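Student: kindly return the folded structure for what I paste below:
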Amino acid sequence: MQFKLKPIYAALMLLATNPAFAEQAEVLVLPRVDVIGTQKQLLKTPSSATIIKQEELESSHVLTINEALRKAPGVVVRDEEGLGIRPNISIRGLNPTRSTKVLLLEDGIPLSFAPYGDNASYYFPSIDRFSSIEVLKGSEQIKYGPQTAGGLINFITPNAPEKFGGHMSVTAGNRDYLNTKINVGGKGVLFDYTHKEGDGARDNTHSNIEDLNVKMTKSLGEDHAITVRANWFSEDSQVSYTGLTQKEYENFGGEYNPFNHDSFKATRYGVSATHDWQINTNALLTTNLYYSYFDRDWWRQQSNTTASNISSGTGCAAFATTRINGLATNGDTCLGNQGRLRTYDTYGVEPRLTVTHAWGELQLGAKAHFEEQNRIQINGLSPTARTGTTSEKNKRKTDAYSGFISNRFDIGQFSITPAVRYEHIDNERTNRLTGAKGDASLHEWIPGIGFAYNPNDNLTVFAGVHEGFAPPRTEDLIGPSGGSIDVSAEKSINYELGFRAKPVKGLNVESTAFYNDFSNLIAVGSVASNVNLSQGEATFAGLELSGQYDFDNGFYSSLAYTWLPVAQQDTPFRSVATPIVVNGAKGNRQPYAPKNTLAATLGYKVGSWNAQLEAVHVGKQYADFAETLTPSTDGQKGEIASYTIYNAALNYKYEPYKTTFFVTGKNLLDKDYITDRTRGILTGMPRLVQVGARYDF
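Tutor: Purely as a prediction, here's the structure:
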């Protein structure tokens, strides 16, 4: 492994050593949309809410966003390639595939490239970009949209500092892992750059990520301030799409991968601005303006273990049989591949007004949001082809307009917060190969109400009920010939009851019971289209528990536990294309909804030392609607056994040089475990040991 000083490092280090840049700037409040806010605001929040703080992220040296989000109750994240580049996030039992059931924000601005028309996470920035994470569920989430069924996650980036400062770090480990970072700022300007690379969980996988962010905060007078952001993200990965057949897994283990020509390349540019106008002492208008461009090309030799996507290629039928039989093979035997080429333009504007008054607080806002997708599929004639026959050329547009109004009424120690949201969505799809064109529109009123009882600073009891809503994808509403498809939006009635408390010194605890009743739940059985898009009625119910306790002797602990006893199909799920049951039955458990999940940490901090051990447990899961126990030969069905892994971190801070040295271990016992079967078997990351240092200045 050889480290090279890239031009971007040289530029940032030059800025860091510039005396003019190091001058102090005036104190400035950062314009930004927080979905939870400060601990004081949390006291009156009538919904379950979790803030994963910067100290937690830094002391445990989280490797991926998956590892970070497991610290929040109710959240389950399914690993895919090992480095968290494409997280599969579930909240309260909903299917985690491509995080389509979750609203993802960055500083209150949409993070997904198409949250209305194609809410799938094929892009996700490095966890190193963020300083904290907010997870919000319950009735409060309807102030944001469009997804309001499960919950939302808001990733907070570091503030632009008033005076010069920052840090540099380097981390290296086995599996060719390297992570280098520089963060430097002053006078209301921040530069943040991360280079990360490493091998994934399987053979023939390696990812290289560059992530550059610039943020500037400036006062525009006594009543106005603005934050401007610009970011550039690049990914160049050798990563496969298909998993393993059952026999391949049994004979060669989870790291086996016969494909060495798969390639995923992506580039994302984004700019945004957040303007604060303090109209008077009681009224604040915050306006977000944003634009992003995302381009990704994924060339892959197979999409699933049956080779159905390239079955017409020479040698593919025999190759698929060889894989099913678990025999060693060369991926080049199947003379074909597919290029899934996508570009997305997303932009919008969203003003939000907050007014405090004698009875509480009024919030209202509106959003105009626009998306354009250009999708091409090319079928190549060799494993390394980058040209071929175009089988899909689609343009998809989504125009969405929404607004909300929410008012918290404070009545002594009680508060009541009714709210309503409105969504209007216009979709359009054009088949550029045939000229066929279609459009569809939908709209929805989304009401909710939350209650909070806050007798003192150490206790909040909350309850709420709201409508869950998520629009179907553009391609699910409009067929390739331009006709309408009989698929409805997702709708549910969601209930929760819980409390937050500080019963004794050093202890913080939150517990929430929830019940989500879906009159319509859309399920994409597989990202490889092995199971048709289906819909039906479903119910999810359970209990979340989280807590932190700091002992007086230097020990500290934390816990995030979710119990999901109910995750059932209330009706058999039926295919949208043909109204037939999709191999399931009433009462069956939903796929990828473990009954028990746990993340627990025990640490010890004394002087300059900080050590911690973490246990992560995920209960057993089903991989299909039929609760199939015996693994299928293609690996796409069968029970996924429960597993427990252990992570550890040791930090030593050498104060004279403001340097922290650390060593971490992920999956310390090197456990081999299955995480996913949607397109064949995928396994978790093998043991990873890292060492590193961070210098603060």
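Student: please export the C-alpha coordinates of stretch 340-347 as CSV.
Tutor: Output of stretch 340-347 as CSV, limited to C-alpha atoms (Å, rounded to 0.1, in the frame of the first residue of the first chain):
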residue,chain,number,x,y,z
ARG,A,340,-27.4,-0.1,-16.2
LEU,A,341,-26.6,3.5,-17.0
ARG,A,342,-28.5,6.2,-15.0
THR,A,343,-28.4,10.0,-14.6
TYR,A,344,-30.6,12.1,-12.2
ASP,A,345,-31.1,15.8,-11.9
THR,A,346,-32.9,16.9,-8.7
TYR,A,347,-33.7,20.4,-7.6
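Student: hmm, who's touching it?
Tutor: The set of residues external to stretch 340-347 that reach it, using Cβ atoms under 8 Å, 6 or more residues apart in numbering, is 110, 113-114, 118, 122, 290-300, 369-378. In short, each C-beta sits where N, CA and C put it, glycine included.
Student: which among those count as buried?
Tutor: Buried members of those, counted by 16 or more other Cβ atoms under 10 Å: 110, 113-114, 118, 122, 290, 292, 294-300, 369-378.
Student: residue boundaries of the strands in the stretch 551-697 of the chain?
Tutor: 555-569, 574-575, 596-606, 609-618, 643-654, 659-666, 674-676, 682-683, 688-696 (DSSP state E, counting those that start in this stretch).
Student: lowest average confidence, helix or strand, in this structure?
Tutor: Each helix and strand of the chain was given a mean pLDDT (mean pLDDT, DSSP states H and E); the minimum falls on helix 7-16 at a mean of 43.
Student: now do the strands in the stretch 251-400 of the chain.
Tutor: Using DSSP E, counting those that start in this stretch, strands in the stretch 251-400 of the chain cover 263-280, 283-300, 337-357, 360-380, 389-411.
Student: moving C-terminal from the longest one, which element do we reach first?
Tutor: It stands for strand 389-411. Helices and strands here follow DSSP states H and E; after strand 389-411, the next one along the chain is strand 414-431.
Student: now do that next one: distance to the chain's middle.
Tutor: Its chain's C-alpha centre and that of strand 414-431 lie 21 Å apart, by Cα atoms, centre = their mean, to the nearest Å.
Student: name the residues of it that are buried.
Tutor: Within strand 414-431, the residues that count as buried by 16+ other Cβ under 10 Å are 415, 417, 419-423, 425-431.
Student: which elements pack onto it?
Tutor: strand 389-411, strand 437-456, helix 474-477 (3 or more Cβ pairs under 8 Å, 6 or more residues apart in numbering; DSSP states H and E).
Student: which of those sits closest to Gly547?
Tutor: strand 437-456 (18.7 Å; Cβ to Cβ).
Student: how about that closest one, which residues are buried there?
Tutor: 438, 440, 444, 446, 448-452, 454.
Student: swap in stretch 534-543?
Tutor: In stretch 534-543, counting by 16+ other Cβ under 10 Å, buried: 534-543.
Student: so what touches that stretch?
Tutor: Contacts for stretch 534-543 (Cβ under 8 Å, 6+ apart): 92-94, 487-488, 511-523, 525, 562-576, 582, 590, 593, 625.
Student: endpoints of stretch 155-169, how far apart?
Tutor: 21 Å (Cα to Cα, to the nearest Å).
Student: begin at 57, not 1, for the rest of this chat.
Tutor: Got it, the first residue is 57 from now on, which makes the last one we talked about stretch 211-225.
Student: got the buried residues for that stretch?
Tutor: Per 16+ other Cβ under 10 Å, stretch 211-225 contains these buried residues: 211-218, 220, 222-225.
Student: can I get stretch 146-159 in CSV? Just the C-alpha atoms.
Tutor: The C-alpha coordinates for stretch 146-159 follow below in CSV (Å, rounded to 0.1, in the frame of the first residue of the first chain):
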residue,chain,number,x,y,z
SER,A,146,-35.1,-0.4,7.7
ILE,A,147,-37.2,1.3,10.3
ARG,A,148,-39.7,-0.6,12.4
GLY,A,149,-39.7,-3.7,10.3
LEU,A,150,-40.1,-2.2,6.8
ASN,A,151,-38.2,-3.9,4.0
PRO,A,152,-34.6,-2.5,4.0
THR,A,153,-33.9,-3.0,0.2
ARG,A,154,-32.2,0.1,-1.1
SER,A,155,-33.5,2.1,1.9
THR,A,156,-36.7,2.9,-0.1
LYS,A,157,-38.9,3.1,3.0
VAL,A,158,-36.9,5.8,4.7
LEU,A,159,-36.6,9.5,4.1
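Student: what about the stretch 307-456 of the chain, any weak spots by pLDDT?
Tutor: 363-369 (pLDDT under 70).
Student: which other helices and strands contact whichever strand or helix holds Phe570?
Tutor: Using DSSP H and E, Phe570 sits in strand 563-580. Judged by 3+ Cβ pairs under 8 Å, 6+ apart, strand 563-580 is in contact with strand 515-526, strand 546-557, strand 589-606.
Student: closest to Thr410 out of these?
Tutor: That would be strand 515-526 among those, by Cβ to Cβ, at 19.8 Å.
Student: Provide the strand pairings for the closest one, with the direction of each partner.
Tutor: strand 493-512 (antiparallel), strand 546-557 (antiparallel) (DSSP bridges).
Student: save those as a markdown table, and put in mean pLDDT and distance to Arg743 too.
Tutor: Output for those, formatted as a markdown table (pLDDT from 0 to 100; distance: least, Cβ to Cβ, whole Å):
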| stretch | mean pLDDT | distance to Arg743 |
| --- | --- | --- |
| strand 493-512 | 96 | 44 |
| strand 546-557 | 97 | 37 |
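Student: with distance to Arg442 added, can I get those in JSON lines?
Tutor: What follows is the strands paired with strand 515-526, written out as JSON lines (distance: least, Cβ to Cβ, whole Å):
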{"stretch": "strand 493-512", "distance to Arg442": "29"}
{"stretch": "strand 546-557", "distance to Arg442": "37"}
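Student: for Asn463, the count of nearby residues, please.
Tutor: When neighbours are defined as other Cβ atoms under 10 Å, Asn463 has 16 of them.
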